[in-house]
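K.L.:
show me how the following folds:
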Amino acid sequence: MTYAALEQAAKARQLNILGGFHPTPDDNAPSDCKTLLMLGPDEPGFWPAFTESPEWQDGTPDPMDRWSVRVIGGWAASLGATALYPFGGAPFQPFYTWALRTGRIHRSPVAFLVHDTAGLFVSFRGALALPEHITLPATAPNPCDSCPDQPCRTACLGDALSPAGYDVPKCKGFLVTDAGEKNMTLGCNVRRACPVSQSYGRLPAQSAYHMRQFTGA
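P.N.:
The predicted model follows:
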């Protein structure tokens, strides 16, 4: 099994391998895991494919999480791997820490994760814990280090981001006002301000769905 073959298999499932690493005991990965791969939507094809899925069409709650369990879980079973998810209730898997371990995902100036090709639109549908040691591609530098303006620092329209951190209640409160409508339909202004995000290809309809999930609107 090669990384290239896994990458091709991921794309056939509308997924993208966002990075991977070889866990140590300190990473809290499954004990038999030799390689852990982080999986996210493969843009821009993910959203059209997802909205054709039975999970979206059946009208019951949590369609994207259920899609992830079916698709990633089925793939993991075929590989003899373990599927891991960033949802499902406590105790939650340490996806933030795992992301940083990949060397392709970094901490941005506003503390959100930033990816070398997805920018601040990086998101996770799950991870594969493989029992084989897979040779991984080279890591990538933090794109924020070469971003001269770092527009994410001043892009929050709701003033919910500050040096003190991210004020989630303030963010949600702003989003449900008239002034927050642009964010609700196009996605978080901070994430959209990232130059890397702008070339990623994520569709506004997908961002709008996640904003509705975030606010409960």
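
K.L.:
mean pLDDT per helix and strand in the chain: which one sits at the bottom?
P.N.:
For the chain, scoring each helix and strand by mean pLDDT, DSSP states H and E identifies strand 161-162 as the least confident one, at a mean of 82.

K.L.:
given the next helix or strand after that one, what are its sheet partners and their directions?
P.N.:
Proceeding N to C from strand 161-162, the next assigned helix or strand is strand 165-166, under DSSP states H and E. For strand 165-166, sheet partners with direction are given as strand 161-162 (antiparallel), following DSSP bridges.

K.L.:
show me the residue sitting in the middle of the protein in space.
P.N.:
Within the chain, one residue has its C-alpha closest to the average C-alpha position: by CA atoms, centre = their mean, that is Ser123, at 1.0 Å.

K.L.:
how near is it to Lys170?
P.N.:
With distances taken as CB to CB, to the nearest Å, Ser123 is found 22 Å from Lys170. (Each C-beta comes from the backbone N, C-alpha and C, glycine too.)

K.L.:
one more: Arg66?
P.N.:
With distances defined as CB to CB, the gap from Arg66 to Lys170 amounts to 31 Å.

K.L.:
now do Leu128
P.N.:
Using CB to CB, Leu128 is found at 36 Å from Lys170.

K.L.:
what's the helix or strand for Lys182?
P.N.:
Lys182 is part of helix 181-186, with elements assigned from DSSP H and E.

K.L.:
contacts for that helix?
P.N.:
With CB atoms under 8 Å, 6 or more residues apart in numbering as the contact definition, helix 181-186 has outside contacts at 157-158, 174-176, 189, 192, 204, 207-208, 211-212, 215, 217.

K.L.:
Tyr96 against Leu113, yeah?
P.N.:
Yes. When contacts are counted by CB atoms under 8 Å, Tyr96 is listed as touching Leu113 (6.8 Å).

K.L.:
neighbour count winner among these two?
P.N.:
Neighbour count, other CB atoms under 10 Å: between Tyr96 and Leu113, Leu113 has more, with 19 against 14.

K.L.:
confidence score at that one?
P.N.:
We have a pLDDT of 97 for Leu113.

K.L.:
ok, the residue sitting furthest away from the middle of the chain - contacts?
P.N.:
Among the C-alpha atoms of the chain, the one most distant from their mean position (CA atoms, centre = their mean) is that of Asp178, at 27.6 Å. Taking CB under 8 Å, 6+ apart as the contact definition, Asp178 lies against nothing.

K.L.:
same deal with Gly80?
P.N.:
Contact partners of Gly80, counting by CB under 8 Å, 6+ apart, are Pro131.

K.L.:
do that again at 10 Å, thanks
P.N.:
With contacts defined as CB atoms under 10 Å, 6 or more residues apart in numbering, Gly80 is in contact with Met1, Asp32, Leu130, Pro131, Glu132.

K.L.:
kindly report the same for Arg202.
P.N.:
Counted by CB under 10 Å, 6+ apart, Arg202 has contacts 41, 43-44, 46-47, 118-119, 121-123, 187, 191-192, 210.

K.L.:
if any of these are buried, give me the ChimeraX selection for them.
P.N.:
Remark: buried members of these, expressed as a ChimeraX selection using 16 or more other CB atoms under 10 Å:
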select :41,43,46,47,118,119,121,122,123,187,191,192,210
